[in-house]
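In: here is my input, please return the structure:
(one chain, ligands or ions: 1)
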Amino acid sequence: MTPFPRKDTFVLPHWRPLPTKEKSAQPQLLVSGERGKRRRNSVNLQLLDLEQLEHKVKKMATLSELYTMQEAAQHNTKEDCWIVIEGKVYDVSSYLDEHPGGDDVLFTAAGKDATEEFEDAGHSKSARELMEKFCVGELDTSTTPAIPELEIVRKGQSGNLPGKILNLTKQYWAVSVAVVGIAVVVSVFCLRRK
Ligand code: HEM
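Out: Numbering: from 1, shown residues only. Next up is the predicted model:
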């Protein structure tokens, strides 16, 4: 019978904490190989929060560079001017002076998401082709701050005071009718007394 582990094969890598007396406290990956040829690969385990970790994994899985909005926002000078348009990140530093719409519009949008402004300017097809030259990566939307929650207003329910009163009146119509009725009876009673 072949002894296990066989001499010429690798067994599954396994984790083993280093003895505490060793200098480095970092865990190491032990890979068992041919007998007498054990290899040690130190693995840098950094403490990352989940968001950073997700961003790093996505970065590795994507062919183009991934940037967070925070990273893009740091490139906000004339010499280093990045703009985010439709989920893509553009380095337009070298294009500022050549931009037919002026450098000021591009500089104003530096480090920001200028999708709306870009669309509003009604750029031509050739402008869209040209911009690919400046694309440096994509935006990691998972780390983009969420849009602040909007207040949901039911159809017919207005935010102003007169509207609210009208709604309440509709809701409690019986009360309104009773109040009007009492007012009528009281006024008739008062008129008769005169
Ligand atoms: C990489 C990004 C960009 C490229 C390559 C680019 C390119 C161009 C080009 C070629 C034109 C000439 C008109 C056309 O062919 O459509 C133009 C005009 C213009 N662009 Fe941009 N642009 C970019 C980003 C932006 C952004 C972010 C804004 C706004 C914040 C903007 C605002 C304008 C305006 C206002 C005009 C003038 C439109 C007009 O004269 O009717 N552009 N751009």
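In: what is the end-to-end distance of stretch 56-65?
Out: Stretch 56-65 has an end-to-end distance of 11 Å (CA to CA, to the nearest Å).
In: which residues touch the longest helix seen in the chain?
Out: As assigned by DSSP state H, the longest helix anywhere in the chain is helix 173-193. Contact with helix 173-193 is made by T169, as judged by CB atoms under 8 Å, 6 or more residues apart in numbering. Using the backbone N, CA and C atoms, a C-beta is placed for each residue, glycine as well.
In: please work out which residue of this structure is closest to the ligand.
Out: Relative to the ligand, the nearest point of the chain is G101 (2.4 Å; CB to the nearest ligand atom).
In: these two touch, right, that residue and A121?
Out: Yes. Between G101 and A121 there is a contact at 6.0 Å, judged by CB atoms under 8 Å.
In: so A121 sits against P100, correct?
Out: No. Between A121 and P100 there is no contact under CB under 8 Å: 9.8 Å.
In: ok, the two, which is more surrounded?
Out: Neighbours were counted for A121 and for P100 using other CB atoms under 10 Å; A121 has more, 13 against 8.
In: quick one: name the residues of this protein near the ligand.
Out: Within the chain, the positions adjacent to the ligand are 83, 90, 92, 99-101, 105-106, 109, 114, 117-118, 121, 123-124, 126-127, 130-131, 134 by CB under 6 Å from any ligand atom.
In: hmm, 5 Å instead?
Out: 90, 92, 100-101, 105, 109, 114, 117-118, 121, 123-124, 127, 130-131, 134 (CB under 5 Å from any ligand atom).
In: circling back to that earlier point, which residues touch the residue of the chain closest to the ligand?
Out: G101 is in contact with A121, counting by CB under 8 Å, 6+ apart.
In: try it again with 10 Å
Out: E117, F118, A121, H123, A127 (CB atoms under 10 Å, 6 or more residues apart in numbering).
In: quick check, the first one in a strand?
Out: No. Note on E117: no strand contains this position according to DSSP: H, G, I helix; E, B strand; the rest coil, which reports helix.
In: how near is it to H75?
Out: 17 Å (CB to CB, to the nearest Å).
In: the more surrounded of the two?
Out: The neighbour comparison of E117 against H75 (other CB under 10 Å) goes to H75, with 19 against 16.
In: ok, the more buried one touching G137?
Out: No. H75 is beyond contact range of G137, at 11.4 Å (criterion: CB atoms under 10 Å).
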